[in-house]
Structure formats: C-alpha cells, structure tokens
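> would you be able to build a 3D model of this:
(chains A and B)
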Amino acid sequence: MSSAPSASGPLSPHEPSPLGAVLSYIIPGLGQIYQGRYGKGVLFMVSLLGMFFLGQAMGNWQNVYVHSVDERGRGGFSALVMRWHYGGQFWIGAAAWPALAQHFKVPLPEVIRDHQKMPDEGKLNQFFSNSDKAPDLGWVYTVVAGMLNILVMYDAYAGPVIFTVPKPTTKESAKASAEAKKEGVA
Amino acid sequence: MLFAMAIYLHLPLMLLVISLVYSATRHEQWDEILIEAFRWGIRMFGFMLIVAVVLFVASLIIPALPF
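You can find the predicted model right below:
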C-alpha cells in the first residue's frame, strides 16, 4: 500500500483503490480502515455518521426521505429527484439507503420499518411551525455530511490530496548513514 | 432571546467536524492535519463573524430607514 520514496516519479501514498472508495461510500471511513489507516478511518466514521444522525435527530428524524410520487402523482425517477436535499444526503452511504428502500417499497426490518419514510405533510408543517430553526440546521448537517463523504471517498481512492514524505527519525537516519558507510568500505 | 441563540451552539461542532474532516482528506500526518484544521477553523469562524456583523448592522440600519 505505502510506497517508499524513490528518485524516479512522483511520490504516492498508495495505488488507486476503487474498493477503498466503495467501502468508504458504504460506511464513511471503512475504506481507510481497510487500508490500515485506522486513525483517519475512525475520525471519518465518527465525525460524518455523528453529524448525519445528529442532523436527523434535530429534524425529528423527518428530514431524510424521497417522495413516493411526484406532483402529478407519478412514481419513478421524477418522484425520486423531487427532493434535491437527497442528492447530497445520498453520499453518506448506507445510512441514507432506507429512504430509497421506502421509495421503491422494499420491505425493511421491523426496527427501521418506518425509518426515512416520507412524512405526512400536515404533521411536518405543524412540526416546523412549532420549532425554532434547529430543524432547518438539521437537514443542512445531513447534506454537509454527505458532501464531505465524497472527499473521504476520494481520499480512500487516491490518498490525501497533499502527500508529504514523513521525516526519518534520528534512529533511521543513523542506520541509513551506517549502511552507506558500509557500502562505501565494500 | 437565549432560546433563539441555542441553535448557534451547534456551530462550533459543525466548524470542528468540517475543518477536521476536510484537513484529513488533504494530509496524512496527524500534526499536518491538526495544523490545517486549525487554519480552516479560524477562516470559517472569521467568515461567519463577518456575516454576523453585517447582518447585525443591517438589522440596526434597516428599521431606521424612512421607507
């Protein structure tokens, strides 16, 4: 995965990893963990999933969904793209899939049977009327978390945008100079 | 007033998460990630502060206008 610094060609932290990108899409940070970059993986997982679920909680779990039918009462793609927020929320991965399952009427386990189901419009309006601005900030959180995961997927695919070679420790430098001296003698 | 201000308590969290995650996608070493995150945190805080000051000044000026 890690490549040693070489005199020829640019330095790269690892080869492009499509599997890493897919894993990071499904669960943020999973691609990095798969690549052995545990610290960053856990940071992405906790930060992005935390932000996404906090956003959902602020919106009373009613801000991640897609419409089941469009304005003309038709299902399919035209209904799917009616709620543009989902275009950002989708990129958080599996955490946003129940909304698609609800749209395509895929049966979900009992525990999450109504999770991310399109809320009743009357109840939703009442909730917004009786709330402060927190629900509005809530859907922003969910969209921001999804958009940030695109960067995380890129990091899993191609490594960090700016890659610097770690400085050798004193021990490593001493070992390298000793080896160089030996080679010189030989 | 205090209740209305409560939503702004989420902003430091958003600032922290965005700056940390963004910086971690740009660097691999933790010291570089933290330095970059701090810089982005300051930039975002400054931007939000400017917006807040502009809105505050506008809220003072607009009611005083004669139309």
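> contacts only, for the residue nearest the centre of chain A.
The centroid of chain A falls nearest to A:Asn149 when counting by C-alpha atoms, centre = their mean (2.9 Å). Counting by C-beta atoms under 8 Å, 6 or more residues apart in numbering or on different chains, A:Asn149 makes contact with A:24-25, A:28, A:44, A:48, A:91-93. To be clear about C-beta, it is placed using only N, CA and C from the backbone, and glycine gets the same treatment.
> what is the neighbour count of residue 44?
As the question left the chain open, I've gone with chain A. A count of nearby residues for A:Phe44, using other C-beta atoms under 10 Å in any protein chain shown, gives 30.
> the chain in question should be chain B.
B:Met44, neighbours per other C-beta under 10 Å, totals 17.
> contacts only, for it.
B:15, B:18-19.
> and if you look at B:Met48?
So B:Met48 contacts B:11, B:15 (C-beta under 8 Å, 6+ apart).
> right, and B:Val17 touches A:Ser47 too?
Yes: proximity of B:Val17 to A:Ser47 meets the contact threshold set by C-beta atoms under 8 Å, at 4.7 Å.
> need the residues of chain A near chain B, please.
Contact residues (C-beta under 8 Å from any C-beta of the partner chain) of chain A with chain B: A:13, A:37, A:39-40, A:43-44, A:47-48, A:50-51, A:54, A:58, A:132-134, A:137, A:141, A:144, A:148, A:151-152, A:154-155, A:159-164, A:166.
> narrow those to those in strands?
Among those, no residue falls in strands (DSSP state E).
> list buried residues within these.
A:13, A:37, A:40, A:43-44, A:47-48, A:51, A:54, A:58, A:134, A:137, A:141, A:144, A:148, A:151-152, A:155, A:159-160, A:163 (16 or more other C-beta atoms under 10 Å in any protein chain shown).
> and A:Arg83, how far from chain B?
To chain B, A:Arg83 is 22 Å away according to C-beta to the nearest C-beta, to the nearest Å.
> that residue is in contact with A:Asp70, isn't it?
No: taking C-beta under 8 Å as the definition, A:Arg83 is not a contact partner of A:Asp70, at 10.4 Å.
> so which residues on chain B come close to chain A?
B:3-4, B:6-7, B:10, B:13-14, B:17-18, B:20-22, B:24-30, B:32.
> in helices, which of those residues fall?
Counting by DSSP state H, the part of the residues of chain B next to chain A found in helices is B:3-4, B:13-14, B:17-18, B:20-22, B:24, B:30, B:32.
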